[in-house]
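> predicted model and sequence follow; I will ask about them next.
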Number of protein chains: 2
Amino acid sequence: MERRRQARGERRMAQILDAAAEVFAGSGYENATTNAIAAAAGVSPGSLYQFFPNKEAIAQALAARFVSQMGEAHQGAFADADWAAMTLDEMLDRVVDPIVAFNAANPGFKALFARADMPAGLTEAARPIQAALLGRVETMIAALAPGLPPDGRTRAAVVGIQIFKAMLPLVLAAEGPERAAMTAELKRVLRGYLGSLGSPG
Amino acid sequence: MERRRQARGERRMAQILDAAAEVFAGSGYENATTNAIAAAAGVSPGSLYQFFPNKEAIAQALAARFVSQMGEAHQGAFADADWAAMTLDEMLDRVVDPIVAFNAANPGFKALFARADMPAGLTEAARPIQAALLGRVETMIAALAPGLPPDGRTRAAVVGIQIFKAMLPLVLAAEGPERAAMTAELKRVLRGYLGSLGSPG
DNA sequence: GACGAATACGAGCGATCGCTCGTATTGTCT
DNA sequence: AGACAATACGAGCGATCGCTCGTATTCGTC
């Protein structure tokens, strides 16, 4: 089923994904029209459909691209971290800032990932990165609250990620010093929650 | 512009709003079709449009109904509360449980209110309840952290409400003991955050 | 019972949108 | 150069959906 692509085709696909990110960021996935994506890419609808079988495939391909980029950002945030030797505040600085920066730089990202109700194919596309993120947060939490049982650890990671996703729009909507204040508030929420995991109740 | 309604008409409107709540809960606002709402209400599309000028008006009327019901729920949770005499845990029990119960009993509610991206008219409809909620949470926070300046208080209330909205799907998706655990986790998040408001940073 | 208003119906209009198809052009390989 | 695949175009198809309109029935009022 795979088709042999020329260099021109690869370039077109990248153009289309750029345009899709832009349009998704502006209108959200549902309201974005494929004709608008094609127009934003400077391409006819027919050409668009020579590279992607349908709208969902565009979102999936864009999601895949985001996944790999986000993977690199996470690499910087999570990899080679000796959690046991860090304070909670240090952990938060290390993790929160780069992820906020990534989301600020890629406004299309949250239109595909940080949604309460995701179209069928998108959940699938988002799964790898969410699973990876969950695992990384779990190991961080394990260092933070060694006494916590595994299911509690998973639940804590899910909650922490959910909090992050919820606060992101608030952080990104703010500008300049307001954004700094909101980022601080996000860290305060996470610090308060994660710091309490050691004690019961 | 107001039309004289018969008792039959009032009943129909209530039926239609019931059906709309059901359909919105099942499909979300965007994916819900007016024909589906009419069918669920046992009414023809034409009849539906004798009572509501358009789809948005249905959502607004339903929102208004939710607002008044939610107002009563908040009355029980917030009114006549002597926050100064209560511990943080007592405050949380008093506020969180009834609101979670309300949302569990009205699944259509969060389809209209707890959305990141709301259609134009819905933001308007949701404003009164959100303003009321914000004010109530602010007074609670004022009792909790007297030293906090007003803008910090508002920000804290916004953040607290956002956390609540984010955790709601997690809580409602869980069943039985899982839900209790998730509710406890929600309280833990809020306790950690609100409890830290007194100290800087 | 008569008359107007309110209620009820449902086929279908108009607009939107994802996507197709016939055709023309450009690139690649021998 | 010739041949075939890949790329490109854009008018428009088919389906969906919010909503309308002509008409029929029921209710309130005298």
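Arrived safely, thanks for sending.
> A:Ala25 is in contact with A:Pro107, correct?
Yes: applying CB atoms under 8 Å, one finds A:Pro107 in contact with A:Ala25, separated by 4.0 Å. Every residue, glycine included, has its C-beta placed from N, CA and C.
> tell me which parts of chain A are close to DNA strand D?
A:3-6, A:8-10, A:12, A:35, A:42-47, A:49-51 (CB under 7 Å from any atom of the strand).
> hmm, which of those residues are the buried ones?
A:12, A:43, A:51 (16 or more other CB atoms under 10 Å in any protein chain shown).
> tally of neighbours for A:Glu72?
Using other CB atoms under 10 Å in any protein chain shown, A:Glu72 has 12 other residues around it.
> can you pull the residues of chain A lying near DNA strand C?
Residues of chain A lying near DNA strand C (CB under 7 Å from any atom of the strand): A:6-8, A:31-36, A:45-46, A:49, A:53-56.
> which of those sits closest to DNA strand D?
The nearest member of the residues of chain A next to DNA strand C to DNA strand D, counting by CB to the nearest atom of the strand, is A:Gly46 at 1.6 Å.
> just the element for the closest one, please.
Taking DSSP states H and E as the definition, A:Gly46 sits inside helix A:45-51.
> just the residues of chain A next to DNA strand C now: which is nearest B:Ser68?
Nearest to B:Ser68 out of the residues of chain A next to DNA strand C is A:Asn31 (CB to CB; 30.7 Å).
> okay, the residue lying closest to A:Ala36 once chain neighbours are set aside: pLDDT?
Among residues not flanking A:Ala36 along the chain, A:Val23 sits closest, at 5.4 Å (CB to CB, 6 or more residues apart in numbering or on different chains). Note for A:Val23: predicted pLDDT of 98.
> contacts for the helix or strand where A:Arg94 lies next, please.
Counting by DSSP H and E, the element that carries A:Arg94 is helix A:88-105. Residues external to helix A:88-105 that are found in contact with it (CB atoms under 8 Å, 6 or more residues apart in numbering or on different chains): A:69-70, A:73-74, A:76-78, A:81, A:83, A:86, A:109-110, A:140, A:144, A:164, A:168, A:171-172, A:183, A:186-187, A:190-191, A:194-195.
> which of those are buried?
Of the contacts of helix A:88-105, these count as buried by 16+ other CB under 10 Å: A:70, A:73-74, A:77-78, A:81, A:83, A:86, A:109-110, A:140, A:144, A:164, A:168, A:171-172, A:183, A:186-187, A:190-191, A:194-195.
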